[in-house]
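1. structure for this input, please:
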Amino acid sequence: FGMATTKTSVQALGTPDKEGFLTKQGGKIKTWKRRWFVLKGDTIYYFKTQKDTEQTGEIKLLSTSACNPEPAQSKKGKYRFSVGTPNRIYQMFCDTEKGMQQWVDKISKAIDNISNGGSNGSSPAPESSPVKQPTPREEP
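-> Numbering: from 1, shown residues only. Predicted coordinates for the structure are as follows:
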């Protein structure tokens, strides 16, 4: 992956669309680890801590991605949801139901933005800004 060479820090991301602690299941080893997640535009970055200078990983959202609440499999990960990408389905859980709903909502909105052709969720495309049309004069 040539893209993974530029590691970003929590600070470098600036104001995220959503951030907070989530517990994520590992890919190869199915252990659950608490990570600091930052959603920014079409990418979910995750870090070991809030102060990390290098991301542990990232989930690139695509228009085909899906984010869904998942049934709880144990008391531990009650408020679970998944983020699906072509390569992998990421499983994670939140400490509260409200938090989980917010994450699902924000990530789903980010996916919608990608589907609607918005390359970046945070800056609206110029054509979407309302242009004041001169009122057509249709005098009888």
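2. what's the neighbour count on the residue lying closest to residue 55 once chain neighbours are set aside?
-> Nearest non-adjacent residue to residue 55, counting by Cβ to Cβ, 6 or more residues apart in numbering: residue 45, 4.7 Å away. Every C-beta, even on glycine, is put in place using the N, C-alpha and C of the backbone. Burial measure for residue 45: 24 neighbouring residues, criterion other Cβ atoms under 10 Å.
3. hmm, residue 45 is touching residue 6, no?
-> No: shown here, residue 45 and residue 6 do not form a contact pair, counting by Cβ atoms under 8 Å, at 11.6 Å.
4. show me whatever sits in contact with both of these two.
-> Counting by Cβ atoms under 8 Å, 6 or more residues apart in numbering, residue 45 and residue 6 have no shared contacts at all.
5. where along this structure do the helices fall?
-> Secondary structure of the chain (DSSP state H): helices at 97-115.
6. just the strands in it please.
-> 18-25, 32-40, 43-47, 57-60, 66-70, 79-84, 89-94 (DSSP state E).
7. partners of the fourth one in the sheet?
-> Spelled out, that is strand 57-60. Strand pairing for strand 57-60, using DSSP bridges, gives strand 43-47 (antiparallel).
8. for this structure, give me the ranges with low pLDDT.
-> 1-5, 118-136, 138-140 (pLDDT under 70).
9. picking that back up, out of the strands of the chain, which is closest to residue 108?
-> If you check each of the strands of the chain against residue 108 by Cβ to Cβ, strand 66-70 wins as the nearest, at 5.1 Å.
10. show me what that closest one is packed up against.
-> With contacts taken as 3 or more Cβ pairs under 8 Å, 6 or more residues apart in numbering; DSSP states H and E, strand 66-70 sits against strand 79-84, helix 97-115.
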